[in-house]
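Trainee: Predicted coordinates and the sequence they were generated for:
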Amino acid sequence: MSGYQFDFFISYSRQGSVQKWLLNHFYNKLVECLADECAPAPKVYMDRHMPRAVEWSHNLTTSLRHSKIMIQVMTPHYFRSGWCMSELDSMRAREEMLGLASGEVSQGLIYPILYSDSENFPIAERMRKWHDFKEYAHPDPVYQQTVDYIHFHKEVKQLARDLVELVDQVPDWQPDWPIVERPDPIVTPRTPLPRFKRCPEP
């Protein structure tokens with residue numbers, strides 16, 4: 001396989017409610033809105049839609065290598081997942097190889113969207129501007145029956161416009177795009193909270 005096979009690769013942690021949100025709302029709405037913006041419709045990779053009987057880790061790395069832009073769905077668990085950090089580090093290595101997301105060219109190949117938290121993200125992960133979806137982070141199907149879902153549709157439509165504009169500027173594919181392997185879990189020590197310190201004896 002050579003060349004790009006996907007326009008967008010969705011990188012996310014399966015912990016928490018984000019996977020339900022992606023499957024119930026975001027993925028299909030994004031594909032729909034991207035098709036409204038250009039033809040042929042851009043191709044979006046998400047690991048829940050990989051072919052049967054494939055070796056999943058190989059499929060992930062191969063699909064990432066052949067994707068133009070990574071959509072990073074940011075949650076607290078994302079930065080503790082070895083697989084997520086491997087995907088993130090691989091795209092950062094590609095940006096570095098191309099001189100992107102730097103002082104010379106500020107635009108990069110990683111498009112972060114914020115699903116939850118942000119207060120406890122590593123400081124380095126707050127340096128890239130993200131598209132905030134926290135207001136629309138409702139995972140259950142009933143969300144589609146609410147008035148707020150119209151606003152969610154508008155937000156995804158704006159996201160699709162941004163992505164279509166970016167994807168046309170991506171450099172040509174190269175067979176030596178780096179893949180950074182980092183499968184071990186990332187464990188970040190928690191800072192003890194002062195209010196749980198033992199009270200001094202009277």
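Mentor: Structure received. As the structure is a prediction and not an experimental result, all values here were calculated from the model. Residues are numbered from 1 along each chain as shown.
Trainee: residues near the spatially closest residue to C38 that is not a sequence neighbour, how many?
Mentor: Leaving out its chain neighbours, the residue that sits closest to C38 by C-beta to C-beta, 6 or more residues apart in numbering is V164, at 5.2 Å. Where you see a C-beta, it was placed from the backbone N, CA and C, and this is true even at glycine. V164 has 16 neighbouring residues, counting by other C-beta atoms under 10 Å.
Trainee: which residues touch V164?
Mentor: Counting by C-beta atoms under 8 Å, 6 or more residues apart in numbering, V164 makes contact with 34, 37-38, 42.
Trainee: now do V156
Mentor: With contacts defined as C-beta under 8 Å, 6+ apart, V156 is in contact with 26, 29-30, 33.
Trainee: got the buried residues for the host helix or strand of it?
Mentor: V156 is part of helix 148-167, with elements assigned from DSSP states H and E. Neighbour-count burial for helix 148-167 flags 149, 152-153, 155-157, 159-160, 163-164, 166-167 (criterion: 16 or more other C-beta atoms under 10 Å).
Trainee: Now do the strand ranked longest in the chain, average pLDDT.
Mentor: In the chain, taking DSSP state E as the definition, the longest strand is strand 67-74. Mean pLDDT, strand 67-74: 96.
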